[in-house]
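Asks: Please find the sequence and the predicted model below.
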Amino acid sequence: MMIEGDLLHTVTADHISDRRKRIGKTLVWGTALFGLALALWQFAFETGRVANGFDSWRPVLYAYMLWATALCASQVIVNGEKGKRTLFVLPAALFVISLVVFPLLFALYISFNDWNLASPNGPQPNGLDNVREMWNDAFYWNALKNMVYYVLAVSVEYIIAFALALLLNSQIRGRKFFRVVFLLPLMLSPVAVSWMIGKSMLEVRFGPISRLLREIGIEPSFFGSPEIARFMIMAMDAWTFIPFMMIMLLAGLQALPSEVIEASKVDGATGWQSFREVIFPLMLPVSVTAIVIRIIFKLKLADIIINVTSGGPGGATDSVTSFIFREYRDRSNVGYGTLLAIVYLILIIIFITMLLKIVSRWMERPA
Amino acid sequence: MKVELYNYIRNAQKMNRRQVLKGIAAAGATAMVPKLALGDGHSNVRAEILKIPGVGAGSPTDSDWQKVGEMCLGDTKKNVAAGEFEGVELTFMGLNNQNLHNFLFRGFLKPWEAYTGAKINWIDLAQADYNARLQQSIATGTVDFDIIEMGAPFEGDVLGKGMASEMPDWVKEQIDMDDYVDYLKEPVGTWDGKTYRVSIDGDCHTFSYRKDYFGEGSVTGKEVPTTWQEINQISKDLVGKEDPLTGLPAHGYLDPLKGWGGFGFYFLENRASAYAKHPDSPAWLFEPDTMKPMVNNPAWVQAIQDVMDLIEADAYPADQINADPGTTAFSQFLAGSGSMLMWWGDVGSSARTSDTSVVGDVVGFGVNPASDRVYNSQTGEWENKRNEAPNMAYIGWGVYVMATVDGDDKKKKAAWSAAAHLGGKDLSLWASAYPSGFQPYRNSHFQFEEWEEAGYDRAYIEDYLGSNADSYNHPNAAIEPRIPGIFQYYSVAEDELAKGYAGKYESAQETADAIAAAWEEITDQIGRDDQIAVYKASLGL
């Protein structure tokens, strides 16, 4: 019987012998060593150091699963009831590690390999060659530059979204109807938007918008020049995602304490003063959250570009993701494509971390 | 036959219910004729299958495919005993485009399964997933299929790596390979002298033009151009003129200036083949001994320069820089913009069936235009002689058996028997004549009287399919290299061309040099020596 420790949550007494503890530990270490040995053996086979091995890495995966099972079982064998509590979390943790950490490590390994799927040689470690190639890859840097433009466009989207949120928060006729209508673009797939708007409505010959422009004497060209093409991509993406920011801001507006706003009115503040001095500062935390999430979405922009311009004209609309897509899908360049993706991931993490650091002081509502 | 072509003919012929009933009655009467009264077995079968379901009687269904498969089993029965493949299971990987391809194969092979006792499992893929799935299977060594429907451009990836099973002689006899159109014969479908492919399709780009743009009193006042030089001049001359059909600005040749997942490069090839494909050499994209790209030689640079000149002359419709081949064909040419185009068979067949098409009555066909001069890469000189080199873009689909069956004789024979059934001479005639996703590819498919007897419009068949037949059997047909990663080369070329067309390079030569540099990188990455060996094998050198 336990006489000390967590008595409140303990329902059974644990008398765990040293032998039992040894068995538990042996089970874990035994399966771990077995898995490790199997992995090393298979690695040696794959690299031609030993003559015999398995056709695939599947047996090593089974050894890992055996170790994971042994690890779970040993928790109970070694720790008794405390181990049972661990079992509530451990399988899930192992599952996450298997599906996130392993692939990430594998991606990291692949990104330092020369691996073109069409090559008969399979992945070949090539040191920093992929990094050097990236450094000299005008297409990648061009795509990164475009991403700066695309991210900057979020500021305009924010202004429009805030204006719409204010409108839908005011006492206008048909408010509920407009709330649903303004949300509709968000419900559309960007691929559908690409086809319906980019490839149909903006089709230069028979698209309705083109016809309208021609009627009023303007010769339409939506994707002919780099600047206009980039703007059109921004506009289509904005049309899809402004409702997302709008709905977040609207929720923020509805949560504002009405007394503060009413107090400002009693004090004689005009509508603009009330917005500038009261509503906007109070909305800063929601605004920052909406902008950060929107930027994360924006950094993944690809589908509209792939469908409408394929990155053209001359790379003017290319995003990093659409470029990586071509590198992967059309050119089967797995090693280099993975490196580009990893570098982009690191850039995103750095950028978002810095962004959050910078805006953290606005994230809390003023007292 | 491509679906659009079938629909076109059906609509063009405007068969009414009475005619359809007459056709059915005729078919019924034929069925009552004693079999001995009919000619040899093949001609009887060919005539009979062409009546299933009957031209104008609606799209064929699974039961029709099964009937055709049943009626075409004769050749299989000569080589395989009933129930011979009992217990054999095969996996077939193919496409599910437009509910065709694998859907037809299932129907065709159902009677074959019943007769032989084999069972087939199916892997259906969308076109967009096909390349990635195939490449991943090859790269990871997870070939989980025994038979594959595959385009010849991928032969380098599969045959070049020894992943396919060599065709037994009895299959060659069963499918009558001598009947193939010239360009589908060796070296296509072969590797190092061994044969691997059962062809089920043929592909080439043909020239479509607007008849109302040409001839006396027309907007151009000229005859239909037959060379790229004429096409370029006409395209420039048309600037500022009015389209006779739509009243909108007139345009000449429609080049797609935007990439299309690698497929867009075929359209620069159309221009370049006449300049670059010299009759003395099969090579026109790479030098066989070194894999050095030829894409920056004067011939290719001329092709790129032609396009840049037309951009400079403002000869294209607005936003052409954002026009891929789908746009040039279906949003421009068929909708009345532009007067000349190179494309696969779909354009001609869509001319009257597409809702947006306005050119159905004024479209004509021809082979890939020629050039007044041709570049001889071996001498490094231009030769002032007319050169024609139709572009066999994509070469068509085939059925291949994987080497996974080679260890099991029974399974191997079963797989080859299934492939031979799908590529059979009679069955392929039906696939050419009805919606299947496949074009004619045998000389026997161009016996127009068979089509006429089956109820097709002879004039249309002769005009439209004639341009295909002339291209297929052309002595200087430009055939793409069947090397690993060929679409990687095309894809990166599209990116560089897009930059060149957008004015990001100083000249056509600089653009071509950038493509060549990118191609060299791909060759080095895949392995130059391997590529040279594979390329030479694909050229039959």
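Replies: Cool, got the structure. Residues are numbered from 1 along each chain as shown, chains lettered A, B, ... in the order given.
Asks: can you dump the C-alpha coordinates of the helix or strand harbouring residue B:509 into CSV?
Replies: Using DSSP states H and E, residue B:509 falls within helix B:508-526. Taking Å, rounded to 0.1, in the frame of the first residue of the first chain, the C-alpha atoms of helix B:508-526 are listed here in CSV:
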residue,chain,number,x,y,z
ALA,B,508,15.7,34.2,-79.5
GLN,B,509,19.3,32.9,-79.4
GLU,B,510,19.6,33.8,-75.7
THR,B,511,16.2,32.1,-75.0
ALA,B,512,17.3,29.0,-76.9
ASP,B,513,20.6,29.0,-75.0
ALA,B,514,18.8,29.1,-71.7
ILE,B,515,16.7,26.1,-72.7
ALA,B,516,19.8,24.3,-73.8
ALA,B,517,21.5,25.0,-70.5
ALA,B,518,18.5,23.8,-68.6
TRP,B,519,18.4,20.6,-70.7
GLU,B,520,22.1,20.0,-70.1
GLU,B,521,21.4,20.1,-66.4
ILE,B,522,18.5,17.6,-66.6
THR,B,523,20.7,15.3,-68.7
ASP,B,524,23.5,15.5,-66.2
GLN,B,525,21.0,14.9,-63.4
ILE,B,526,19.4,11.9,-65.0
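Asks: buried sites along that helix?
Replies: Buried residues in helix B:508-526, counted by 16 or more other Cβ atoms under 10 Å in any protein chain shown: B:508-516, B:518-519, B:522-523, B:525-526. Where you see a C-beta, it was placed from the backbone N, CA and C, and this is true even at glycine.
Asks: Go back to the residues you listed and keep what's next to chain A.
Replies: The subset of the buried residues of helix B:508-526 within reach of chain A, counting by Cβ under 8 Å from any Cβ of the partner chain, consists of B:522, B:525, B:526.
Asks: With distance to residue A:310 and pLDDT as new columns, can those be given to me in TSV?
Replies: Shown next, in TSV, are these (distance: Cβ to Cβ, whole Å; pLDDT from 0 to 100):
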residue	distance to residue A:310	pLDDT
B:522	19	95
B:525	23	92
B:526	24	91
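Asks: ok so, going back, what distance separates the helix holding residue B:509 from the centre of its chain?
Replies: 26 Å (Cα atoms, centre = their mean, to the nearest Å).
Asks: got the buried residues for the helix or strand just after that helix?
Replies: Using DSSP H and E, the helix or strand that directly follows helix B:508-526 along the chain is helix B:528-539. Of all the residues in helix B:528-539, those buried under the rule 16+ other Cβ under 10 Å are B:530, B:531, B:532, B:534, B:535, B:536, B:537, B:538, B:539.
Asks: I figured the second one hits residue B:289, correct?
Replies: No - under the criterion of Cβ atoms under 8 Å, residue B:531 makes no contact with residue B:289, lying 11.6 Å away.
Asks: Count the residues that sit near residue B:111.
Replies: Residues near residue B:111, counting by other Cβ atoms under 10 Å in any protein chain shown, number 20.
Asks: quick revisit: pick out the lowest-pLDDT one from the buried residues of helix B:528-539.
Replies: On pLDDT alone, residue B:538 ranks lowest of those, at 77.
Asks: which residue packs closest to that residue, ignoring adjacent ones?
Replies: Of all residues not flanking residue B:538 in the chain, residue B:482 sits nearest, at 4.1 Å (Cβ to Cβ, 6 or more residues apart in numbering or on different chains).
Asks: ok, now residue B:269?
Replies: residue B:391 (5.2 Å).
Asks: Might you list the low-confidence residue ranges for the chain?
Replies: I'll assume chain A. A:1-13, A:363-367 (pLDDT under 70).
Asks: Hmm, no, I was thinking of chain B.
Replies: In chain B, residues with pLDDT under 70: B:1-43, B:56, B:98, B:127-128, B:346, B:348-356.
Asks: how does it divide into domains?
Replies: Listed domain ranges for chain B are B:68-200+B:397-438, B:206-390+B:480-539 (source: automatic domain parsing).
Asks: can you give me the offset of the first one from its chain's centre?
Replies: Yep, that's domain B:68-200+B:397-438 we're talking about. So, by Cα atoms, centre = their mean, the centroid of domain B:68-200+B:397-438 is 17 Å from its chain's centroid.
Asks: gap between the two ends of it?
Replies: 16 Å (Cα to Cα, to the nearest Å).
Asks: check whether that domain contacts chain A.
Replies: Yes - residues of domain B:68-200+B:397-438 contacting chain A under Cβ under 8 Å from any Cβ: B:131, B:132, B:135, B:136, B:138, B:139, B:141, B:157, B:161.
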